Every structure is written in C-alpha cells, then in structure tokens.
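1. quick check, what structure comes out for this input:
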Amino acid sequence: MNTFLLEIVTPEHLVYSKQVNSLTVRGVNGELGILPGHIPLVTPLQVAPLSVKADGVTVSIAVHGGFVEVHKDKVTVLAESAELPRDIDVERAEAAKERAERRLKLQSKQDEVDHRRAELALQRAVTRIKVSTGKGQQ
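-> All right, here's what the predicted structure looks like:
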C-alpha cells in the first residue's frame with residue numbers, strides 16, 4: 001500500500017479526490033508530512049499551500065484554513081476554501097495582496113479586528129500567488 005485517498009472538501013464542493021503518495025500540510029504547529037499508513041490524527045491548518053504528490057507529479061493547492069483528518073487509508077482536508085492552480089485569478093490575487101498591505105501600513109489606531117482581517121487577506125493572496133506560479137511546492 002503506497003497510496004491513500006486524499007479528499008479536499010469545502011462547504012461548497014469537493015475540490016480534489018485522488019489516490020496520492022504523500023501530502024504535506026502546514027498545521028498550526030508547523031509542517032506535517034503524511035504518508036500511507038500514517039497514524040490517525042486531526043489538526044487545524046494554517047492559511048498556506050499544501051503539497052500533494054501523486055503519480056510522480058507534485059501539485060500545490062491553496063488552502064485557506066480548516067482541518068486535516070488522517071485515517072489509515074484516507075485523508076480528508078476540510079477547508080474553508082481551497083483552490084487548484086488553474087482556478088486562481090493571479091491578477092485578482094495580486095490586487096488583494098496590495099490592498100491588504102496598504103491596510104496593514106495604515107494601522108495606527110486601527111481596530112484589531114480590521115488588522116487581523118487584513119493579515120488573513122494578505123495570507124490568502126500570497127498563498128494563491130504561490131500556488132498559481134508553482135512556488136507553493138514545499
């Protein structure tokens with residue numbers, strides 16, 4: 001057994017479902033590599049690209065928060081949103097990145113909630129850009 005089923009699911013739809021050789025995700029405590037037969041676990045995910053290796057090809061997928069649930073022969077990523085490289089509008093991501101950076105520079109006495117929202121928007125934009133340009137592979 002050198003593969004496991006990986007499913008990446010958002011509230012809207014199934015983004016990815018395939019037998020894969022490995023998965024690398026960024027959990028809240030750092031990077032986590034998952035291979036076939038991994039011990040069961042559940043952990044929250046950061047806003048970051050995840051890396052999937054299947055059939056000798058590595059693909060990055062933009063994942064914006066959520067959880068990874070690992071079972072013996074199946075891994076499920078329950079994400080707030082997830083995007084394959086072909087689904088990312090790079091110009092829109094670049095514009096979102098610039099807006100978020102401007103908001104963060106104007107912080108002064110800005111509300112903490114607005115600051116956190118701008119940080120998350122920046123993380124999502126950077127993740128999309130990395131995945132769409134192929135720089136999201138770990």
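2. mind checking how far K18 is from L5?
-> 8 Å (Cβ to Cβ, to the nearest Å). All C-beta spots, glycine's among them, are computed from the backbone N, C-alpha and C.
3. same check on A82?
-> 16 Å.
4. out of the two, which sits in the busier spot?
-> Comparing A82 with L5 by other Cβ atoms under 10 Å, the one with more neighbours is A82, at 24 against 13.
5. how would you label the closest residue to that one other than its chain neighbours: helix, strand or coil?
-> Using Cβ to Cβ, 6 or more residues apart in numbering and skipping residues adjacent in sequence, the residue nearest A82 is V15, 4.5 Å away. Here V15 is strand, with the state taken from DSSP: H, G, I helix; E, B strand; the rest coil.
6. quickly list what R26 is bridged to.
-> E31 (DSSP bridges).
7. ditto for L14
-> Counting by DSSP bridges, L14 is bridged to V9.
8. what do you get for A62?
-> Beta-bridge partners of A62, as defined by DSSP bridges: P49, E83.
9. got the contact list for it?
-> If you count contacts by Cβ atoms under 8 Å, 6 or more residues apart in numbering, A62 has them with 49, 82-83, 85, 88, 124, 127-128, 130-132, 136.
10. relative to V77, how far out is E7?
-> Taken as Cβ to Cβ, the span from E7 to V77 is 7 Å.
11. apologies, that question was intended for R116.
-> With Cβ to Cβ as the criterion, R116 and V77 are 23 Å apart.
12. got it, and D89?
-> Taking Cβ to Cβ, one finds D89 at 22 Å from V77.
13. so between those two, which is more surrounded?
-> Higher neighbour count among D89 and V77: V77, with 24 against 12, using other Cβ under 10 Å.
14. contact partners for the nearest residue to the more buried one once chain neighbours are set aside?
-> The shortest distance from V77 to any non-neighbouring residue, by Cβ to Cβ, 6+ apart, is to I8 (4.4 Å). Residues in contact with I8 (Cβ under 8 Å, 6+ apart) are 14-17, 61, 63, 76-77, 79, 82.
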